[in-house]
Structure formats: C-alpha cells, structure tokens
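Peer 1: how would this look folded up:
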Amino acid sequence: MKFNPGTLADFDHRFAAALNNEQNKVIVLTGGAACFSMGMDLIYISSAYDASFVPQFGNVLAAVRNSCKPVLAKVEGDVIAGGMALLAVADVILSSETASFSLPEASFGITPAIAMSCLLERVRPHHLKYLVWSSNVIAAKQALEWGVVDQISTPENLDRDTQALGRKLSRLAPSVIGESKMLLAERRSFEKTLNMGCQLLANKLDDPQAIKKIRRYLEDIKLFNDEYADE
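Peer 2: Numbers count the residues shown, from 1 in each chain. The predicted structure is shown next:
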C-alpha cells in the first residue's frame, strides 16, 4: 500500500467498518507478501500533492492508535517510510522473520517526522535516530530487539501465529483495552507529538526544493531498477 488521498480514504472506510462490526473482536492489518507498506506515494507527492494530505494521514493514524478494539499487524516483506508510522500505531505487531524495516526519507532531505512521532512509543530515541540518520534497512530480529515489532515468526507459521494471537486478544475485556490506553496516554501526549510531526512534514512539502529532491530520488530508483532488470 502506498499512501495517497484515495488509498487513505479507502483504508479509513474499511477500518471504520471493521470497528462498527460487532462480530470483529480484533482488527488485523495486513499488507502484501513482498511489502507491508511503502509509505507515502511519492509519485503523488511529487506531481499532485495537496496540503490536505498530511492531516488526512494524521487522522488515519490517530484512528488506528485510539481504536477501542485491539489492532494486530501481521507483517510480511518490507515496511518503508510512512509504512513504519502505520505499523507503529498498531497495538501488537507480529512479523515474519524475513521482513525488513527502514526509514529512507533522509536520503532525499525529508525528516520522517510522522513516523518518528509514532515510533517514539516503541523505540528508544538513540535507536530511532540511527534508523533515521543512516537510512539503513534492519531485519526482523533487530526490529524485535529494538521494539519495532513484538514477536517474529517463520513465514510458514506466520498465519497460524497471527490467528493464535488474535484469539488471545479477542478475549480481552473492553475495559482492559480502554483503561490500558488511557494510562499509557498519560505518560506522553501522542496527539501533540503527532501534530508536531504532521506540521513539520507539511512545512517541508511546501518547499519546491523538497519536491525536486523527491523527483530526483524517484528518477534514481527508476534508473537502478532499469539497470537491474537488464542484468
């Protein structure tokens, strides 16, 4: 999934439907086998960006994070850029041992402010700074050690382990979910940090030079992919 106004609206609609369905005790976020989420749709950002996109993204993240039902993320493949923000607002994250995680935005001059604001509830600041400044990809084992994910599984057991964890979460009393989130929210204002991250990103995307860097980044990726395909 790449985030643009259309995909965010679709996600918001489906998430609200899952919340309102009384038969759903747990909401499971899934992506593709190769990629859980690539984050922002950079083609949209570089060609048709509208300032309403950033608050729309923030609202979707807040809805997931504040869900009255447990949100379980099942991760296969890559989690990139803004996809890390969506991942971080899930309550419990189960990852395949073959998954990978990265925040590459610094390579084209953007601070991943929204992803950072979400990951701060999971990842210690010095690990998060390393992820942002290095743009390095980390494997599932490292992600588990740093708190990016909560549990890893082999690819062949991922579905089974997701179902088992989902059944356990489904037995939680609503009061346990609500009171736990209330107590944890008292530690630090998620909304305040998220709003700051959204404002930082919105300011950056208002800069024509930032858009030029994104376009150049997309061109470099295309050249790399074309060369790789010719080998």
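
Peer 1: What's the separation between Phe53 and Phe15?
Peer 2: 18 Å (Cβ to Cβ, to the nearest Å). Just so you know, the C-beta spots here come from the backbone N, C-alpha and C atoms, and that holds for glycine as well.

Peer 1: Same question for Leu184.
Peer 2: 21 Å.

Peer 1: between the two, who's got more neighbours?
Peer 2: Shown here are Leu184 and Phe15; by other Cβ atoms under 10 Å, Phe15 has more neighbours (17 against 11).

Peer 1: Now do the contacts for that one.
Peer 2: When contacts are counted by Cβ atoms under 8 Å, 6 or more residues apart in numbering, Phe15 is found next to Ile27, Val60, Ala63, Val64, Ser67.

Peer 1: Lys141 too?
Peer 2: For Lys141, counting by Cβ under 8 Å, 6+ apart, the contacting residues are Glu97, Ile152.

Peer 1: One more: Leu42?
Peer 2: Ile214, Tyr217, Leu218.

Peer 1: What count of nearby residues applies to Leu183?
Peer 2: Neighbours of Leu183 (other Cβ under 10 Å): 9.

Peer 1: mean confidence for the strand or helix carrying it?
Peer 2: Under the criterion of DSSP states H and E, Leu183 resides in helix 174-187. For helix 174-187, mean pLDDT is 82.

Peer 1: Next secondary structure after that helix?
Peer 2: Helix 174-187 is succeeded, C-terminally, by helix 190-205 (DSSP H and E).

Peer 1: Give me the buried positions along that following helix.
Peer 2: Phe190, Thr193, Leu194, Asn195, Gly197, Cys198, Leu200, Leu201, Ala202, Lys204, Leu205 (16 or more other Cβ atoms under 10 Å).

Peer 1: could you dump these to CSV with pLDDT and distance to Ala81?
Peer 2: Conversion of these to CSV gives the following (pLDDT from 0 to 100; distance: Cβ to Cβ, whole Å):
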residue, pLDDT, distance to Ala81
Phe190, 77, 20
Thr193, 81, 18
Leu194, 83, 16
Asn195, 87, 19
Gly197, 84, 13
Cys198, 88, 15
Leu200, 84, 15
Leu201, 88, 11
Ala202, 90, 16
Lys204, 87, 13
Leu205, 89, 13
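
Peer 1: And the helix holding Leu183, what's buried?
Peer 2: Buried-residue list, helix 174-187, by 16+ other Cβ under 10 Å: Ile177, Lys181.

Peer 1: Then stretch 61-80?
Peer 2: For stretch 61-80, by 16+ other Cβ under 10 Å, it's 61-65, 67, 69-80.

Peer 1: Filter these down to just the ones in helices.
Peer 2: Judged by DSSP state H, the buried residues of stretch 61-80 include Leu61, Ala62, Ala63, Val64, Arg65 as members of helices.

Peer 1: Relative to Gly109, which of those is nearest.
Peer 2: Leu61 (22.6 Å; Cβ to Cβ).

Peer 1: what about stretch 109-123, start to end distance?
Peer 2: 22 Å (Cα to Cα, to the nearest Å).

Peer 1: Mind listing what's buried along that stretch?
Peer 2: Neighbour-count burial for stretch 109-123 [16+ other Cβ under 10 Å]: 110, 112-123.
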